[in-house]
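S.K.: got a predicted model here, sequence first, then my questions.
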Amino acid sequence: MTFSISTVGINGVRGVAVIAATHGSTSGPVDETAETFLREARKSPAERTKEAVLKRYNLTQEQFDQLAPEKQAAIRREIEDEMRRKLGRAQGGAFADVVV
């Protein structure tokens, strides 16, 4: 994978644009890091929230699926509450998907 960085000027404002292009097969630590980043970047805020809540319980998706329906429902409510909290913050300004 190759990366190119160039400066971009729009209406007198200068910034930096990063362009990534894949060439050939992906292998090596840089490619793995880029793939990991892209996998995370493609996730929705809801997916990230669900993963964060499951992580708090030290659960994988497979383990969550095997829980009793009552426990699944309780965790789903927590995920929904977390999403409502994040959306409430977003209405006051820019949406920030912060997971601690």
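M.R.: Good, I have the coordinates.

S.K.: would you agree Ile75 is in contact with Leu54?
M.R.: Yes - here Ile75 reaches Leu54: they are 7.4 Å apart, a contact under CB atoms under 8 Å. For the C-beta atoms, the positions are set from N, CA and C on the backbone; glycine is no exception.

S.K.: in the longest helix along the chain, which residues are buried?
M.R.: Ranked by residue count, the top helix of the chain under DSSP state H comes out as helix 69-91. Buried residues in helix 69-91, counting neighbours by 16 or more other CB atoms under 10 Å, are found at 75, 78-79, 82, 86.

S.K.: just the residues you listed now: which is nearest Phe37?
M.R.: Lys86 (21.4 Å; CB to CB).

S.K.: for this protein, what spans make up the strands?
M.R.: 2-10, 13-21 (DSSP state E).

S.K.: just to revisit the earlier point, of the buried residues of helix 69-91, closest to Gln63?
M.R.: Ile75 (10.8 Å).

S.K.: quick one: contacts for that closest one?
M.R.: 53-54, 57, 59, 64, 67 (CB atoms under 8 Å, 6 or more residues apart in numbering).
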